[in-house]
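>>> below are the sequence and a predicted model for it; my questions follow.
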Amino acid sequence: MAFLAQFKHCLITRALVRRAWLAALSSLLLLGGILAGAQEFVAPEQTVKAAFLYNFAKFVEWPTNSFAASNSDLVIGVLGKDPFGQTLDETVAGRRVDGHPVVIARYRQIGEATNCHVLFLASSEKKNLPRILAELKTRAVLTVSDIEDFAAAGGLIQLVKRGERIQFKINAEAAGRSQLKFSSKLLRLSIPDGV
């Protein structure tokens, strides 16, 4: 009888240990799922910037001669050392803007960016900024960068990090001189001059 009681106690102990392990494992899996879900909501900086590039294209109108046909590609280019990796490609994959398929191009020199509609100037191009902006001045290209004082230097849209947020500043004077038509919605969302 003592043997039976001891055997029963052993089975109960094993069952309790197994339940404790299952509960701990379930808790870890649940916590992992919660953390993974939370990470999905905190977008990395380059992902946010890539989304901005695509969305800027939706709120800017190019002259009709900027496209060979109504279904020609809208080219988002990156000039210099690409900070996006595949993030930009993944952001625009399969997307269109006003019937134009969006494609990504990468350039080492400004002379290569002949068919570009939106051009992101990487921080590696800071020293070449005056020459690049001068060359693009007469072309219908939406210039965007996160280089400090980019808008003040004549660029059209500067991405600005404020705390944990990415915002943008539009150079209203340069925008007015450009061949591009900016949506009033985009202009309203921009950081005001002097801020």
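Here it is on my side, so go on.
>>> for Ile191, what are phi and psi?
The phi/psi pair for Ile191 (degrees, to the nearest 10) reads phi -70, psi 130.
>>> host element of the closest residue to it other than its chain neighbours?
Leaving aside its chain neighbours, Ile191 sits nearest to Lys169 (4.4 Å; criterion: C-beta to C-beta, 6 or more residues apart in numbering). Heads up, the C-betas are built off the backbone N, CA and C, glycines and all. Element membership for Lys169, per DSSP states H and E: strand 165-170.
>>> avg pLDDT for that strand?
The average pLDDT within strand 165-170 is 95.
>>> following element in sequence after that strand, please.
By DSSP H and E, the next helix or strand past strand 165-170 is helix 172-177.
>>> coming back round to it: for the residue nearest to Ile191, give its distance to Lys81.
23 Å (C-beta to C-beta, to the nearest Å).
>>> show me where the chain has its helices.
Counting by DSSP state H, the chain has helices at residues 2-41, 45-58, 87-92, 129-136, 172-177, 184-189.
>>> least reliable of these going by mean pLDDT?
When the helices of the chain are compared by mean pLDDT, helix 2-41 comes last with a mean of 46.
>>> domains in the protein, by residue range?
Listed by automatic domain parsing, the domain ranges of the chain are 1-42, 45-189.
>>> return the most buried member of the ones you listed.
domain 45-189 (a mean of 17; mean count of other C-beta atoms under 10 Å).
>>> end-to-end on that domain?
Distance between the two ends of domain 45-189: 19 Å, counting by C-alpha to C-alpha, to the nearest Å.
>>> residues in contact with stretch 140-158: which ones?
Identification of contacts with stretch 140-158 by C-beta atoms under 8 Å, 6 or more residues apart in numbering yields 49, 52-53, 56-57, 60, 62-63, 66, 113, 116-123, 125-126, 129-130, 133, 136-137, 159-161, 168-171, 174-175, 178-180, 190.
>>> typed the wrong thing, it's stretch 104-115
For stretch 104-115, the surrounding residues in contact (C-beta under 8 Å, 6+ apart) are 75-80, 82, 88-89, 92, 116, 119, 128, 131-132, 135-136, 141.
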